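Participant: build me a model:
(chains A and B)
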Amino acid sequence: MRSQGVIGWLLVLPAAALLALFTHYPVVATIVDSFYATSRAGRPGPFVGLENYQVMVADEVFWKSLWNNVWYSLGTIPLSITLALVMALWVNSAMRGRTWLRVAFFTPTILPMIAVANIWLFFYTPQYGLLEKLTTSLGFATHNWLGTESTALACVMVVAIWKDAGFFMIFYLAALQSIPPSLAEAAALEGAPRGYYLRRIVLPLLMPTTLFVLVNAVINSFRLVDHIVVMTRGGPNNATSLLLFHIYQVGFSFWDTGYAAALTLVLLAILAAAAIGQFVFLDRKVHYQ
Amino acid sequence: MSSIQLESVSKHWGAVRALDAISFQAEPGSFVVLLGPSGCGKSTTLRLIAGLDTATAGRIRIGGRDVTELPPAQRGLAMVFQSYALFPHLSVAENIVFGLKVRKVAPGERDARLARVADLLGLAPLLARKPSQLSGGQQQRVALGRAIIAEQPVCLMDEPLSNLDAQLRGEMRREIRALQRRLGITMVYVTHDQTEAMTMADRVVLLRDGRIEQVGSPDELYQSPRTAFAAGFIGAPPMNLLRLERRGEAWHFAGTEARAPWAGAGADETSLGVRPEDIDVAPDGALPARVDTVEYHGADSIVAAQAGGQPFLIRLPRHAPLAPGDSIRVTWRPDHQHLFNARTGERIPA
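Facilitator: Presented below is the predicted three-dimensional model:
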């Protein structure tokens, strides 16, 4: 029995070691670091208690980033999920060229975010970008889409929706194909119009997928900042600064690691609260097969 | 009550002819079984009647009305699917009244009908459950309830009992038949199980490769099969078919010296059909044979024997006093034998 226990522990050791090294230790270290000032010139920083958090409350860029992120999430998540569902329903129907259409919808997902951001950067370029050419040829005044505070955030949101919708579509498509066709036939025999069938049968059966996609979308909206780095670097005037981008700047541009650790903990707390909330509140409404 | 008429209905999938000019009629209030092996086109026929697929050619009439071009909901019929097609996220009650809600039947009327159906099928204690919490037989009942609450004059069933165990199948067979009689529904029922066809049907439509092999009452199909295929499909076990050879003017059982009890002028290739239950073992029987196996079923025994390399089955009451390897002679009454052209499968008139 004893040697069996030892062997068991040895078997979990590689995985446990990797987890501890790259997940658990960083989490604990981040928590600890957030209570210390940033180390300077090789000397460890002194314990400062909640000072980093007090700085945060007074940090305008933090609040700006947080609100930006809230708007960014509210703008991208419902739209990309709705778009994903519509696309999935479309390419799930029997029609010519649906394989081609599926590939087309999924392509943004397989492209690296950096490449996507560069493509869209060209679309938004002032004067000779695609969007500019289109609007000026229609007689509109020229507009610097990414360089104006009022439109910059919306522009990066469009990129995120364009990239995420195809990815979420795949999950919806898989879920749609697991619904037996006889359910649609039974509904058709009862005279249920297509809209009624979608609302009363398909959407409830897709709820587990919606929950999964929703959790992923929320995490994505706080986690993906590659396109911000490429397209706007948070500007103009922090109009497109998202929470993770702010953490990146504080941590790796200003090297204020103590404050960055505190910001990271706030981000983690937000994500954890969102995930728990979604599972607790939505799980009751979800029917699992 | 509505009649159903199919007039040379065909269904082609590209070059494949799933159905080839099928015509038959179901009288109002009758129970018609579409019977045949898998791939014979029986489910396709049902889906064409339901309107879930469209016919390539031909007309379909329900209650005298041409419904060939109508969508399923306007044909005035209900259907029970092989997989039951219950909505997994809805309760039993919601599943049953789904169609009434779609058609905006008033809630009072809806509840009254639900109560009646639940009572009829013994579903009252299960109304709040989800389909996944039900046994196969209970799910079957819910599917049945959803079909009959619509009070449509026609009900279609696609192999509804194939997912149930043998005992439950027997019970549901009687129950569905009784329900159909009581409600006066015109029923079209698809199955590959000839027992279901024999026990439930007023009329059996036997299909093979997209064509009708024979239409008739169970008794007609049993007593006078029109083709060798029908003979070999109906009955459990089905009819034995023994090949005959012409030697000079007389017919012999192929591979034996025994003369066949028949003197007709058939084609060169002829089969003699005789049912296992019509064969007797007798010392002065015309056909010598050897016993291969004996299967004891309780009420009877099925003896597998062969004569001149041709296998056939004999059904004997209770314990058959035979053992593998025994040499026996068998006989049957001349009016119990059926003759078929072995090449075309057509029956040769006596």
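
Participant: what's whichever strand or helix holds residue B:243 packed up against?
Facilitator: Using DSSP states H and E, residue B:243 maps to strand B:240-247. On a contact count with 3 or more Cβ pairs under 8 Å, 6 or more residues apart in numbering or on different chains; DSSP states H and E, strand B:240-247 meets helix B:228-233, strand B:250-253, strand B:270-274, strand B:310-317. For the C-beta atoms, the positions are set from N, CA and C on the backbone; glycine is no exception.

Participant: tell me the mean pLDDT for the second one?
Facilitator: Right, strand B:250-253. On average, the pLDDT along strand B:250-253 is 88.

Participant: what's in contact with that strand?
Facilitator: Contacts to strand B:250-253, defined as Cβ atoms under 8 Å, 6 or more residues apart in numbering or on different chains, come from residues B:242-246, B:258-260, B:262-263, B:266, B:270, B:272, B:287, B:307-308, B:310.

Participant: ditto for the third one
Facilitator: Contacts of strand B:270-274 with the rest of the structure, by Cβ under 8 Å, 6+ apart, involve B:225, B:228, B:231, B:239-244, B:246, B:251, B:253, B:260, B:262, B:312, B:332, B:336-342, B:348.

Participant: in the stretch 251-350 of chain B, which residue sits closest to chain A?
Facilitator: Distance from chain A to each residue of the stretch 251-350 of chain B (Cβ to the nearest Cβ) is smallest for residue B:345, at 35.1 Å.

Participant: so which strand or helix has the residue nearest the centre of chain A?
Facilitator: Central residue of chain A (Cα atoms, centre = their mean): residue A:220, 1.5 Å from the mean position. Assigning secondary structure by DSSP H and E places residue A:220 in helix A:203-223.

Participant: by contact count, what packs against that helix?
Facilitator: Helix A:203-223 packs on helix A:60-92, helix A:149-177, helix A:243-248, helix A:257-283, going by 3+ Cβ pairs under 8 Å, 6+ apart.

Participant: if we can go back for a sec, which stretch in the helices and strands packed on strand B:240-247 is the model least sure about?
Facilitator: For the helices and strands packed on strand B:240-247, mean pLDDT drops lowest on strand B:250-253, to a mean of 88.

Participant: list the buried residues in that one.
Facilitator: B:251, B:252, B:253 (16 or more other Cβ atoms under 10 Å in any protein chain shown).

Participant: how far does it sit from the chain's center?
Facilitator: Relative to the chain's own centre, strand B:250-253 is displaced by 34 Å; criterion: Cα atoms, centre = their mean, to the nearest Å.

Participant: for chain B, which residues are neighbours of chain A?
Facilitator: B:50, B:52, B:71-74, B:77-79, B:81-83, B:85, B:87-89, B:98-99, B:102-103, B:130, B:132, B:146, B:150 (Cβ under 8 Å from any Cβ of the partner chain).

Participant: with just CA atoms, put the longest helix out of those in chain B into PDB.
Facilitator: Taking DSSP state H as the assignment, the helix of chain B that covers the most residues is helix B:166-183. This file holds the C-alpha atoms of helix B:166-183, laid out as PDB (Å, rounded to 0.1, in the frame of the first residue of the first chain):
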ATOM      1  CA  ALA B 166     -39.900  -7.800 -26.600                       C
ATOM      2  CA  GLN B 167     -42.400  -7.900 -23.800                       C
ATOM      3  CA  LEU B 168     -43.200  -4.200 -23.900                       C
ATOM      4  CA  ARG B 169     -43.500  -4.400 -27.700                       C
ATOM      5  CA  GLY B 170     -46.300  -7.000 -27.300                       C
ATOM      6  CA  GLU B 171     -48.200  -4.800 -24.800                       C
ATOM      7  CA  MET B 172     -47.800  -1.600 -26.900                       C
ATOM      8  CA  ARG B 173     -48.900  -3.500 -30.000                       C
ATOM      9  CA  ARG B 174     -52.300  -4.300 -28.400                       C
ATOM     10  CA  GLU B 175     -52.500  -0.900 -26.900                       C
ATOM     11  CA  ILE B 176     -51.900   1.000 -30.100                       C
ATOM     12  CA  ARG B 177     -54.400  -1.200 -32.000                       C
ATOM     13  CA  ALA B 178     -57.100  -0.700 -29.300                       C
ATOM     14  CA  LEU B 179     -56.500   3.000 -29.300                       C
ATOM     15  CA  GLN B 180     -56.700   3.200 -33.100                       C
ATOM     16  CA  ARG B 181     -60.100   1.300 -33.000                       C
ATOM     17  CA  ARG B 182     -61.400   3.400 -30.200                       C
ATOM     18  CA  LEU B 183     -60.500   6.800 -31.800                       C
END
